[in-house]
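>>> Provided below for reference: sequence and predicted model.
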Amino acid sequence: MKHPNIVLFLAEDLDFEGLNCYNPETTGYTGLIRARNPFASSTQKPTGRLLTPAIDSMAGDGVMFTNYYCTSPICTPARYTVMTGRFPERSPEHGEIFGNGPSTVWFNSPVCPGETLIPKALKTAGYQTAIFGKWHNYPLPVRNELNRLYHAFPEEASWEDPEVKKRVHEGYQYAVDYLKNNDYGWDTVDRIYYENPEPYLPVSISSHNIDWVIEGADDYIRSRTGQTDPFFAYIAVSIPHSRYSGKRFREANPLSSPAGLLDRPPHVLPPRHQIRERILTAGMAESACEGLWLDEAVKAIRNAIDAIGATEDTCFIFTTDHPTAGKGSCHLGRIPLIMFWPHHLEGGGTLSHLLSETDLAPTILELAGCNVPPDMRLDGHSFAGLLQPHISSWTPRSNVLMENVNSRAVIQDGYKYIANRLPGRNALESELCGRTGWLAEQIGGHDGIWWNLDLLFPAYFDEDQLYNIEMDPMEQHNLASDPKNRTLLHSMQTTLSQELRKLPHPFGEFS
């Protein structure tokens with residue numbers, strides 16, 4: 001079998017409502033509004049019409065999945081799963097912080113040198129590997145050094161200050177070199193964001209600039225003309241990062257980058273003003289600009305693949321790390337996943353099979369004709385056999401798990417059970433969690449829950465939560481206290497308990 005090229009395109013915080021090809025009422029704030037959630041109804045607006053023709057076309061000609069769950073709706077742990085096929089609490093940093101005790105899943109789930117991950121596994125089969133965009137998975141000492149380099153000057157500092165330029169250049173090079181020189185499996189490392197752009201200093205380089213990321217990926221793919229080795233390109237953009245924003249798009253600096261201010265705007269995507277004109281001419285809200293911006297990024301990469309004559313030799317995977325609605329909790333959690341590989345994927349159209357983010361890495365390796373390492377089989381189950389029955393068998397999943405902060409969840413047979421079990425307070429938890437141990441921050445002298453989770457999900461604080469997600473997909477009605485659901489509740493608790501025993505850190509008891 002000829003090894004196909006693999007392109008893994010990862011968006012940021014993307015709900016179904018961010019793409020035309022998905023039903024906006026089944027995830028995201030549009031769904032919460034439809035479910036008559038008071039907070040969402042009073043503070044949010046339905047998404048409205050969007051323009052995402054390239055992604056829609058890929059979904060129509062490929063395979064679109066509607067029941068694919070992230071493992072943890074926060075950037076770092078979700079991206080840990082994407083790269084490794086494992087649950088975030090398996091990150092070595094959890095062992096360093098929590099020992100053998102209960103773990104709090106947060107931005108503490110980096111990919112560490114020496115771990116098995118997609119690019120390393122593909123290299124054993126002769127792949128060339130490349131990364132472009134956001135890598136939010138540096139180990140803590142590296143994150144601390146990057147923070148020091150990028151934040152060693154006051155917020156009002158100017159890019160024209162030579163010391164500022166020096167520190168920014170040092171920070172960017174450090175981020176690139178760390179991925180190149182450690183055991184991650186990357187041959188090419190370019191256009192790297194070590195975190196979301198907003199915290200970068202000076203503020204002139206703190207804009208989202210996916211044009212810059214796509215330009216690097218486009219150059220790389222086009223440079224593959226005439227080469228016979230297959231390639232794996234991981235392209236991770238930083239939008240939407242919350243819902244689409246017209247203001248953010250309008251004010252984004254096209255010269256911004258974590259490597260410093262650019263001499264010229266990147267040239268691969270249409271100029272920003274053209275994107276905005278198309279949206280306004282179509283009578284759409286200005287926020288739709290970011291949807292078209294994302295779509296043009298996907299289109300550019302597909303055009304580059306077409307230009308080198310590799311369309312039928314390339315498996316293009318479009319997905320996201322996690323959704324926006326429900327971020328920071330075990331609520332919701334379904335995310336877009338689209339796979340496009342002409343004449344190679346069966347069962348086209350829309351598939352509703354229950355899948356986990358842990359399944360993506362082993363699936364990529366099987367589609368690439370590579371062996372799946374044993375530690376990628378700990379949590380994930382390849383669904384390559386669903387798409388190519390001739391290469392392997394496929395057994396449907398009975399359930400999927402989610403883990404976030406001090407909550408764990410299981411989805412099975414049309415129901416979701418969420419357990420909140422707070423461990424004893426420690427220094428890390430005191431830093432991460434508010435008065436009750438859930439995610440909280442001080443707002444105007446009182447505790448406010450991050451991302452308004454307590455207002456979006458009425459039972460957010462309940463120790464046990466049970467939802468009929470077929471009848472109540474937005475998880476607004478907790479059924480756990482109803483006596484007639486006692487048997488079902490205990491069954492779901494047993495399933496969750498059994499599955500959690502397979503993971504390295506203990507969790508709370510179930511009554």
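That came in fine, so what should we check first? Residues are numbered from 1 along each chain as shown.
>>> ok now the helix or strand harbouring Arg148, how far from the chain's centre?
For Arg148, the host element (DSSP states H and E) is helix 140-150. Averaged C-alpha coordinates place helix 140-150 at 22 Å from its chain's average position (CA atoms, centre = their mean, to the nearest Å).
>>> which helices and strands sit right next to it?
If contacts are counted by 3 or more CB pairs under 8 Å, 6 or more residues apart in numbering; DSSP states H and E, helix 140-150 sits against helix 162-181. For glycine as for every other residue, the C-beta is placed from the backbone atoms N, C-alpha and C.
>>> partner strands of the helix or strand following the helix it packs on, parallel or antiparallel?
Using DSSP H and E, the helix or strand that follows helix 162-181 in sequence is strand 188-193. Looking at strand 188-193 with DSSP bridges, its partner strands are strand 128-134 (parallel).
>>> quick one, the strand it pairs with and helix 162-181 angle?
140 degrees (axes from the mean of the first three to the mean of the last three CA atoms, to 10 degrees).
>>> what about strand 128-134, average pLDDT?
Across strand 128-134, pLDDT averages out at 98.
>>> now that strand, how far from the chain's geometric center?
Using CA atoms, centre = their mean, the offset of strand 128-134 from its chain centre is 15 Å.
>>> distance-wise, check the most centrally placed residue in the chain relative to Glu296.
By CA atoms, centre = their mean, the chain has its centre lying nearest to Asp321, at 0.8 Å. Here the criterion is CB to CB, to the nearest Å. By it, Asp321 lies 20 Å from Glu296.
>>> Leu51 too?
From Leu51 to Glu296 the distance is 10 Å (CB to CB).
>>> residues in contact with Thr188?
Gln128, Thr129, Ala130, Ile131, Tyr220 (CB atoms under 8 Å, 6 or more residues apart in numbering).
>>> same question, Ala325
Asp15, Thr27, Gly28, Tyr29, Gly31, Leu32, Leu332, Leu456.
>>> what's the burial count for the fourth one?
By that I understand Tyr29. 24 (other CB atoms under 10 Å).
>>> again, but for Asn144
Neighbours of Asn144 (other CB under 10 Å): 11.
>>> buried residues in stretch 234-245?
Residues of stretch 234-245 classed as buried by neighbour count (16 or more other CB atoms under 10 Å): Tyr234, Ile235, Ala236, Val237, Ser238, Ile239, Pro240, His241, Arg243, Tyr244, Ser245.
>>> same check, this time on stretch 338-357
Ile338, Met339, Phe340, Trp341, His344, Leu345, Leu351, Leu354, Leu355, Ser356, Glu357.
>>> quick check: closest non-adjacent residue to Arg36.
Leaving aside its chain neighbours, Arg36 sits nearest to Gln476 (8.0 Å; criterion: CB to CB, 6 or more residues apart in numbering).
>>> okay, now that neighbour: neighbour count?
Gln476 has 16 nearby residues by other CB under 10 Å.
>>> looking at Leu51 and Glu296, which is more packed in?
Taking neighbours as other CB under 10 Å, Leu51 and Glu296 compare with Glu296 leading, 22 against 18.
>>> doesn't that one belong to a strand?
No - per DSSP: H, G, I helix; E, B strand; the rest coil, Glu296 lies outside any strand segment and is helix.
>>> surely it touches Ile275?
Yes - taking CB atoms under 8 Å as the definition, Glu296 is a contact partner of Ile275 at 6.8 Å.
>>> who touches His381 in this structure?
Here His381 is in contact with Ser356, Thr358, Asp359, Pro362, Thr395, Arg397 (CB under 8 Å, 6+ apart).
>>> same thing but 10 Å
His381 sits next to 85, 355-356, 358-359, 362-363, 372, 394-397, 400 when contact means CB atoms under 10 Å, 6 or more residues apart in numbering.
>>> from the buried residues of stretch 234-245, which land in strands?
Tyr234, Ile235, Ala236, Val237, Ser238, Ile239, Pro240 (DSSP state E).
>>> count the neighbours of the closest residue in space to Met474 that isn't next to it in sequence for me.
Nearest residue to Met474 in three dimensions, chain neighbours excluded: Ala35, at 4.1 Å (CB to CB, 6+ apart). Summarising burial for Ala35: neighbours were counted as other CB under 10 Å, giving 17.
>>> just checking, Ala35 touches Glu25?
Yes - counting by CB atoms under 10 Å, Glu25 is a contact partner of Ala35 at 8.8 Å.
>>> now do the shared contacts for these two.
In contact with both Ala35 and Glu25: Pro473, Met474, using CB under 10 Å, 6+ apart.
>>> give me the domain ranges for the chain.
According to automatic domain parsing, the chain comprises the domains 5-387, 400-500.
>>> now do the same end-to-end measure for stretch 48-56.
End-to-end distance for stretch 48-56: 16 Å, by CA to CA, to the nearest Å.
>>> buried stuff in it?
Those would be Leu50, Leu51, Thr52, Ala54, Ile55, Asp56, for stretch 48-56 by 16+ other CB under 10 Å.
>>> so for that stretch, mean pLDDT?
95.
>>> kindly report the same for stretch 9-25.
96.
>>> where's that stretch relative to the chain centroid, distance-wise?
12 Å.
>>> and if you look at stretch 167-186?
That offset, for stretch 167-186, works out to 21 Å (CA atoms, centre = their mean).
>>> Val410 and Ile469, how far apart?
Counting by CB to CB, the gap from Val410 to Ile469 is 12 Å.
>>> my bad, Glu296
For Glu296 relative to Ile469 (CB to CB), the value is 34 Å.
>>> quick check: Ser57 is in a helix.
Yes - assessed by three-state DSSP, Ser57 belongs to a helix.
>>> which residue is the nearest non-sequential neighbour of the residue nearest to the centre of the chain?
Counting by CB to CB, 6+ apart, the residue nearest Asp321 is Ala78, at 4.1 Å.
>>> helix 140-150 and the helix or strand containing the one you found, what's the angle between them?
Applying DSSP H and E as the criterion places Ala78 in helix 75-84. Counting by the same axes, to 10 degrees, helix 75-84 lies at 120 degrees to helix 140-150.
>>> just the C-alpha atoms of helix 75-84, please, in PDB.
The C-alpha coordinates for helix 75-84 follow below in PDB (Å, rounded to 0.1, in the frame of the first residue of the first chain):
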ATOM      1  CA  CYS A  75      -6.900  23.700  24.800                       C
ATOM      2  CA  THR A  76      -3.900  21.900  26.300                       C
ATOM      3  CA  PRO A  77      -5.500  18.700  27.500                       C
ATOM      4  CA  ALA A  78      -7.600  18.300  24.300                       C
ATOM      5  CA  ARG A  79      -4.500  18.900  22.100                       C
ATOM      6  CA  TYR A  80      -2.600  16.300  24.200                       C
ATOM      7  CA  THR A  81      -5.200  13.800  23.200                       C
ATOM      8  CA  VAL A  82      -5.100  14.800  19.500                       C
ATOM      9  CA  MET A  83      -1.300  14.200  19.300                       C
ATOM     10  CA  THR A  84      -1.100  11.100  21.600                       C
END
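>>> gap between that helix and the chain center?
7 Å.
>>> which residues does the nearest residue to Asp61 once chain neighbours are set aside form beta bridges with?
Nearest residue to Asp61, sequence neighbours excluded (CB to CB, 6+ apart): Phe340, at 6.3 Å. Counting by DSSP bridges, Phe340 forms beta bridges with Phe316.
>>> quick one on the thing from earlier: okay, and the common contacts of Val410 and Ile469?
Contacts common to Val410 and Ile469, judged by CB under 10 Å, 6+ apart, are Lys416.
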